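> generate a structure from the sequence data that follows.
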Amino acid sequence: MLKFYYNPRSPMARRVWRGLLEKDIPFEGIVMNLNGDQFQPDYLQIHPFHHVPAIVDDGFRMIESIAILEYLEIKYPSPALLPKDTQALATVRMVQMVSTNELVPKVLPLILEEQDSPKFIQAKEHVEKVLGFFAENLKDNYYFGGENLSLADIIVGTDISFLPHLGIDFSKYPNLNNWFERLMQRESWKTTEMSPEEYQQFKRVLIRMIQQKVKP
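The predicted structure follows:
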């Protein structure tokens, strides 16, 4: 059985978790507490960079959430999470990369900085630009790839789920707001979404990890 190494508060792990649930792939979940579990020699053999998630499928090791999701899509093709139409597929690929490269790096300042700080203001402006880009590419579609859920929806939907906790809603983008509400009704989201209490726990752990890194 596929082994899935994760922490439920990790956004990158939740990407893969939701992909496994949407595809109904049986798996053994192995929770990493991130208080030292990730540095154990056995886990470093699987993930030498000591992050989550990671999977081991029939002895085959994979790290990096997008790569894992692509692997799962190829090996377990039903239900399909990538559209066949060329432009729809290109949109899915583009949107998930924009989320990873443009949105995710700006979430950290929103969590850590004071709201009147230049870093916070710049990050919020950039996030709003990204949300506008998402809304433009979603158009009137149900999902980014068309009528069916895609990997882009899993990735973007996971990445932007932090924003309501940070006081950023999607009311300026009605199509994006409706899309996000549809995602939140899916069983995979109900199973995996963080509660406000879990978000606060995640924030405390994140701050502690960053503080430990900057200690002399």
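> quick one: mean pLDDT over stretch 88-104.
What stretch 88-104 shows for mean pLDDT is 97.
> please apply the same query to stretch 121-135.
97.
> pull out the buried positions in that stretch.
By neighbour count on 16 or more other C-beta atoms under 10 Å, the buried set for stretch 121-135 is 123-124, 126-127, 130-131, 133-135. Where you see a C-beta, it was placed from the backbone N, CA and C, and this is true even at glycine.
> tell me where the chain has helices.
Secondary structure of the chain (DSSP state H): helices located at 11-23, 41-46, 65-75, 86-98, 104-112, 118-138, 151-159, 174-185, 187-192, 196-214.
> mind giving me the domain ranges of the protein?
What the TED database lists as the domains of the chain is 2-75, 86-185.
> average pLDDT for the shortest one?
What that stands for is domain 2-75. 95.
> just give the nearest non-adjacent residue to Thr150, would you?
Small correction: residue 150 is Ser, not Thr. Excluding the flanking residues, the one nearest Ser150 by C-beta to C-beta, 6 or more residues apart in numbering is Val92, at 4.8 Å.
> quick check: that neighbour touching Gly146?
No. Using C-beta atoms under 8 Å, Val92 makes no contact with Gly146, being 9.2 Å away.
> these two: which is more packed in?
Higher neighbour count among Val92 and Gly146: Val92, with 25 against 17, using other C-beta atoms under 10 Å.
> so what's that one up against?
The contact partners of Val92, by C-beta atoms under 8 Å, 6 or more residues apart in numbering, come to 82-83, 144-145, 150-152.
> turn those residues into JSON lines, columns for distance to Val104 and neighbour count.
Output for those, formatted as JSON lines (distance: C-beta to C-beta, whole Å; neighbours: other C-beta atoms under 10 Å):
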{"residue": "Leu82", "distance to Val104": "21", "neighbour count": "18"}
{"residue": "Pro83", "distance to Val104": "23", "neighbour count": "21"}
{"residue": "Phe144", "distance to Val104": "17", "neighbour count": "26"}
{"residue": "Gly145", "distance to Val104": "20", "neighbour count": "24"}
{"residue": "Ser150", "distance to Val104": "18", "neighbour count": "24"}
{"residue": "Leu151", "distance to Val104": "15", "neighbour count": "26"}
{"residue": "Ala152", "distance to Val104": "14", "neighbour count": "28"}
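> and the two most separated of the residues you listed?
Leu82 and Phe144 (10.7 Å; C-beta to C-beta).
> joint contacts of the two?
When contacts are counted by C-beta under 8 Å, 6+ apart, the set common to Leu82 and Phe144 consists of 92, 150.
> gap between the nearest residue to Asp57 once chain neighbours are set aside and Val56?
Spatial nearest neighbour of Asp57, chain neighbours left out: Leu2 (4.5 Å); criterion: C-beta to C-beta, 6+ apart. According to C-beta to C-beta, to the nearest Å, Leu2 and Val56 sit 7 Å apart.
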